[in-house]
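A.B. asks: kindly generate the corresponding structure for this input.
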Amino acid sequence: MLSGSLVPSRFLLSALALTLSAPATPLLAQNIEIPYQRSVLPNGLTLLVHEDHKAPIVAVNVWYHVGSKNERPGRTGFAHLFEHLMFNGSENYDKDFFGPLEQVGATDFNGTTNEDRTNYFQNVPTNALDLVLWMESDRMGHLTGAISQAKLDEQRGVVQNEKRQGENQPYGRTWDFLTPKLYPANHPYSWTTIGSLEDLDAAKLDDVKQWFQTYYGAANAVVVIAGDIDAPTARKKVEQYFGDIPAGPPVARQEAWVAKRTGSQRGVMEDRVPQARLYQVWNIPQWGSADADYLDLVAGVLSSGKSSRLYKRLVYDEQSATEVSAYLDQREIGGLFVIEATARQGTSLEALERAVNEELARLLAGGPTPAELQRVKTEYRAGFIRGVERIGGFGGKSDVLAQGLVYAGNPDFYKVRLQRVARATQAQLRASAARWLSDGVYTLEVRPYGEYQTARSTVDRSKLPVPGKPPEVSFPQLQRATLSNGLEIVLAERPSIPQVRFDLLLDAGFAADQSGIPGTASLAMAMLDEGTRSRNAIQISDELARLGANLSSGSRLDVSSVSLEALKENLDPSLALYADVILNPSFPRTDFERLKKQRLAQIQLEKADPVGMALRVFPALLYGPGHAYATPWTGSGTEESTARISRDALVGFHRTWFKPNHA
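C.D. replies: Down below sits the predicted model:
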């Protein structure tokens, strides 16, 4: 959604100050608690309740312990297809599931499927909890009678179109190619979650109903309620709505199966992509294992931040890659360690692969440095804290509790992982990397196509529950002050999470480029953290990582912003760094040239992507030539305008717009 033009044009510096009553303790030593009450209904349904009364909302997160690994060859894609059917109406409410949620103001509602679980989640006002529990229980216990051939055909088409759209994106066919190469043919991870078009075509109505009866029983589900609710009330409501749902047949659990490979294997595929890309993939242990958590830190050493080994060498120093990342795909019975590197125009994949292998070999031989280890530990903990600031959604409190219970049998398992990361040593990271990354790599080269032309229910299910009187919403009291230079400061204080967020908003987005060169605003904002008068880009990146802070800047249509997320215990040095980036950017010439090259690569990628192309072409058609909004809404300008942008233009943008009176 393009919302830049809707941002008020006042110059605001806002801070969300978050405090704890307990005294600060050293980073990585503080305990993080998500207290909960656990109960199991007679039908086997597990309920977790977390109380959080900071706002009159509740998150309802329902996890079913079933994913694509429960399918079989010839019947792939069922778990994801069934997730779609769950939104198409139940026996007692045979309409679209989203309508009632939208009417009561639900947010963050969706359903997702992966290899191991299917979940459905939403955040609603507390007075709408009965509505959500009614609907979730109705589709858990009363669905098969509402599944028709017409609905199956409709959702089969939706899923097939979703698959085609994904494959139509740059690099969108990569995992279709990789997945069967990474596992034996009989391994439950040897097919993708979305399945094959042929298997989806073969799905029969009886097959779908059998899937529901097998895997959607109460005993195979976890309901997490987090927010403005107490445990006894939540238990009573869940018993009322879910207590009459059958447990379902026992579901066999699959043992860990890493399927570690030996030797090296390779593949090459062509795709409609602007730049060649290298993938290296290793099979590693499952989610929750010590090796998986240590390898997660290893991935951070390799590619998290500008000072990370792969980023600094490939993107920053040699400029042989436009982007590089190392990450884990963590799954219940086995995982993947992935390195991706996108080659800059003029760089061969062979040269890129040599550099990646050299950096990996150096890490395998010597392990991380003490500074690197401390950095990735801090980043891990800070990322977790930012997630559990929310009660719902991915990484929120309800998600963390459900994940621990479903995968490890323990909602508190996040504590095990946090403690393991906090105590991790250089030797442990080196040993895990040597154990899993020294052998068994699958290397894939993705190259551009050649250039060519051419129980007894007491619930009334005859009608939906009517939400009660909306609760009073209590927002933090805004505190205001004005500096001597006219800058207005607005503070909203909420003492629940030890994090502070700052947002600096400027009345100049890329529509302001009308009087200059298209692409100037977004490039100037992108360069803020590339260096100041007293720090270079690597020093800024290292200091942010050491402090556990996130700094970001960017432009939209009518507004530019610089944001900081800082841990409270490191507030003063984080704010000093934030101010330095805002007030004293140096726009280094070497980094300026590097970012211009990356901008040209970005424009090529936008032109290869359907959404990116629409954002480039549509504005001029809508507003007409010469209008300030007729510029590409990606903010990147054109190849011609990018070539004309000078460093002086960026300095001029900063001098013109970084003033309190542009509000």
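A.B. asks: use CA for all of it now, contacts and neighbours both
C.D. replies: Will do.
A.B. asks: distance from the chain centre to stretch 336-355, please.
C.D. replies: Taking Cα atoms, centre = their mean, to the nearest Å, one finds the center of stretch 336-355 at 24 Å from the center of the full chain.
A.B. asks: pLDDT averaged over stretch 93-107 - what is it?
C.D. replies: Average pLDDT, stretch 93-107: 93.
A.B. asks: quick check: end-to-end length of that stretch?
C.D. replies: Stretch 93-107 stretches 21 Å from its first residue to its last (Cα to Cα, to the nearest Å).
A.B. asks: could you do stretch 217-232 as well?
C.D. replies: 24 Å.
A.B. asks: show me what counts as buried in it.
C.D. replies: Neighbour-count burial for stretch 217-232 flags 217-231 (criterion: 16 or more other Cα atoms under 10 Å).
A.B. asks: how about stretch 334-341?
C.D. replies: Burial within stretch 334-341, assessed by neighbour count using 16+ other Cα under 10 Å, is assigned to Gly334, Gly335, Leu336, Phe337, Val338, Ile339, Glu340, Ala341.
A.B. asks: please apply the same query to stretch 339-359.
C.D. replies: Buried residues in stretch 339-359, counting neighbours by 16+ other Cα under 10 Å, are found at 339-345, 349, 352-353, 355-356, 359.
A.B. asks: and the residues you listed, which two are furthest apart?
C.D. replies: Of all pairs drawn from the buried residues of stretch 339-359, the one with the longest distance (Cα to Cα) is Gln345 and Glu359, at 21.5 Å.
A.B. asks: among the buried residues of stretch 339-359, which one has the lowest pLDDT?
C.D. replies: Minimum confidence in the buried residues of stretch 339-359 sits at Gln345, scoring 91.
A.B. asks: from Ala601, how far out is the closest residue to that residue other than its chain neighbours?
C.D. replies: The spatially closest residue to Gln345, leaving aside those adjacent along the chain, is Gln275, at 6.8 Å (Cα to Cα, 6 or more residues apart in numbering). Here Gln275 is placed at a distance of 8 Å from Ala601 (Cα to Cα).
A.B. asks: who's more crowded, these two?
C.D. replies: Taking neighbours as other Cα atoms under 10 Å, Gln275 and Ala601 compare with Gln275 leading, 23 against 18.
A.B. asks: list the contacts of the more buried one.
C.D. replies: By Cα atoms under 8 Å, 6 or more residues apart in numbering, the residues touching Gln275 are Thr342, Ala343, Arg344, Gln345, Arg447, Pro448, Ala601.
A.B. asks: turn these into a markdown table, including distance to Val58 and secondary structure.
C.D. replies: Listed next are these as a markdown table, based on distance: Cα to Cα, whole Å; DSSP: H, G, I helix; E, B strand; the rest coil:
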| residue | distance to Val58 | secondary structure |
| --- | --- | --- |
| Thr342 | 42 | strand |
| Ala343 | 45 | strand |
| Arg344 | 47 | coil |
| Gln345 | 49 | coil |
| Arg447 | 47 | strand |
| Pro448 | 47 | strand |
| Ala601 | 43 | helix |
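A.B. asks: does Pro418 touch Arg381 like I think?
C.D. replies: In this structure residue 418 is Leu, not Pro. Yes: if you go by Cα atoms under 8 Å, Leu418 and Arg381 touch, sitting 7.1 Å apart.
A.B. asks: common neighbours of those two, please.
C.D. replies: Residues touching both Leu418 and Arg381 (Cα under 8 Å, 6+ apart): none.
A.B. asks: okay, buried residues for the helix or strand where Val490 lies please.
C.D. replies: Applying DSSP states H and E as the criterion places Val490 in strand 488-493. Using 16+ other Cα under 10 Å as the test for burial, strand 488-493 gives Glu488, Ile489, Val490, Leu491, Ala492, Glu493.
A.B. asks: what pLDDT does the closest residue in space to the first one that isn't next to it in sequence get?
C.D. replies: The shortest distance from Glu488 to any residue other than its chain neighbours is 4.5 Å, reached at Thr482 (Cα to Cα, 6+ apart). As predicted, Thr482 sits at a pLDDT of 90.
A.B. asks: correct me if wrong: Thr482 contacts Pro660.
C.D. replies: No: using Cα under 8 Å, Thr482 is not in contact with Pro660, being 10.5 Å away.
A.B. asks: so the two - more neighbours on which side?
C.D. replies: Pro660 (17 against 10).
A.B. asks: now do the same for that one: helix, strand or coil?
C.D. replies: Under DSSP: H, G, I helix; E, B strand; the rest coil, the three-state class of Pro660 is coil.
A.B. asks: care to break the protein down by domain?
C.D. replies: Domains of the chain are assigned by automatic domain parsing as 4-20+475-657, 37-242, 265-448.
A.B. asks: of all these, which one comes closest to Val258?
C.D. replies: Comparing the domains of the chain by Cα to Cα, domain 265-448 comes nearest, at 4.6 Å.
A.B. asks: quick check: end-to-end length of the closest one?
C.D. replies: By Cα to Cα, the extent of domain 265-448 from end to end equals 21 Å.
A.B. asks: with stretch 293-311 instead?
C.D. replies: Using Cα to Cα, first and last residues of stretch 293-311 are 21 Å apart.
A.B. asks: distance of the spatially closest residue to Ile32 that is not a sequence neighbour from Pro246?
C.D. replies: Counting by Cα to Cα, 6+ apart, Ile32 lies nearest to Lys415, which is 7.6 Å off, once chain neighbours are set aside. The spacing between Lys415 and Pro246, counted by Cα to Cα, is 33 Å.
A.B. asks: neighbour-wise, which of the two wins?
C.D. replies: Pro246 (19 against 15).
A.B. asks: contact partners for Leu205?
C.D. replies: Counting by Cα under 8 Å, 6+ apart, Leu205 touches Ile147, Ser148, Gln149, Leu152.
A.B. asks: now do the helices in the stretch 251-400 of the chain.
C.D. replies: Remark: helices assigned in the stretch 251-400 of the chain by DSSP state H, counting those that start in this stretch are 290-303, 309-310, 349-366, 370-387, 397-408.
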